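Visitor: I would like the atomic coordinates for the input below:
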Amino acid sequence: MELSDLYSSKIIEIAANLPIIAPLEKADASFRKVSRICGSSMRVELNMKNEVVSDYSHEISACALGQTAASIVAQQIIGSNPKELRELRDIMFAMLKENGEPPSGKWSDLKYLQSVRDYPARHTSTMLIFDALVECLDIIEQKNG
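Guide: Below you'll find the predicted structure:
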């Protein structure tokens with residue numbers, strides 16, 4: 001596979017539609033994750049209500065792969081619970097590192113990132129959003145005891 005094949009038209013389309021989301025006035029948790037490999041960074045903020053994500057914001061400075069993952073997350077995260085988001089991170093990790101199946105259901109557009117598995121140097125930027133979300137969940141759990 002050529003590197004140019006990695007950036008399919010669908011990945012470029014989803015990345016180009018990354019929502020611009022203002023920071024939350026008061027977030028239950030905020031976390032910034034940076035890839036030392038490529039310099040991509042993401043800051044995410046979460047609010048939880050009744051055990052589901054009620055509000056979300058992000059600040060993204062990443063390649064098209066990171067932007068694609070972040071764009072899909074931004075479109076689907078409201079109403080997600082911590083268990084679902086932790087499982088999503090594990091599924092994405094398995095898809096990239098262990099030839100696992102892509103996520104399904106509302107997360108099925110993440111299948112477009114399957115080609116990243118052939119480029120280990122791109123795994124980190126693709127996983128940034130998922131790792132940052134789990135860090136936010138950990139912060140919220142620590143606050144709530």
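
Visitor: Show me what secondary structure element comes after the helix or strand bottoming out on mean pLDDT in the chain.
Guide: The weakest-scoring helix or strand in the chain, judged by mean pLDDT, DSSP states H and E, is helix 3-6 (a mean of 65). Toward the C-terminal end, the helix or strand that comes next after helix 3-6 (DSSP states H and E) is helix 9-16.

Visitor: Check which residues of that following helix are buried.
Guide: Within helix 9-16, the residues that qualify as buried by neighbour count (16 or more other Cβ atoms under 10 Å) are 11, 14-15. Every residue, glycine included, has its C-beta placed from N, CA and C.

Visitor: Kindly report the same for stretch 89-109.
Guide: Buried residues in stretch 89-109 (16+ other Cβ under 10 Å): 89, 91-93, 95-96, 102-103, 107, 109.

Visitor: Check stretch 79-86 too.
Guide: 80, 82, 84-85.

Visitor: Return the distance of the most centrally placed residue in the chain relative to residue 110.
Guide: Centroid-nearest residue in the chain, with Cα atoms, centre = their mean: residue 129, separated by 3.0 Å. Relative to residue 110, residue 129 is positioned 10 Å away (Cβ to Cβ, to the nearest Å).

Visitor: between these two, what contacts are shared?
Guide: residue 69 (Cβ atoms under 8 Å, 6 or more residues apart in numbering).

Visitor: Name the secondary structure element that contains residue 58.
Guide: Using DSSP H and E, residue 58 falls in strand 52-61.

Visitor: Strand partners (parallel or antiparallel) of that strand?
Guide: Here strand 52-61 is paired, per DSSP bridges, with strand 41-49 (antiparallel).

Visitor: Contacts for the partner strand next, please.
Guide: Strand 41-49 has contacts (Cβ under 8 Å, 6+ apart) with 23-24, 26-35, 53-62, 66, 70, 82, 128-129, 132-133, 136-137, 140.

Visitor: Name the residues of the top helix by length along the chain that come out as buried.
Guide: Secondary structure of the chain per DSSP state H: the longest helix is helix 123-144. The neighbour-count check on helix 123-144 (16+ other Cβ under 10 Å) flags 123-137, 139-140 as buried.

Visitor: Give the rounded mean pLDDT of that helix.
Guide: Averaging pLDDT along helix 123-144 gives 95.
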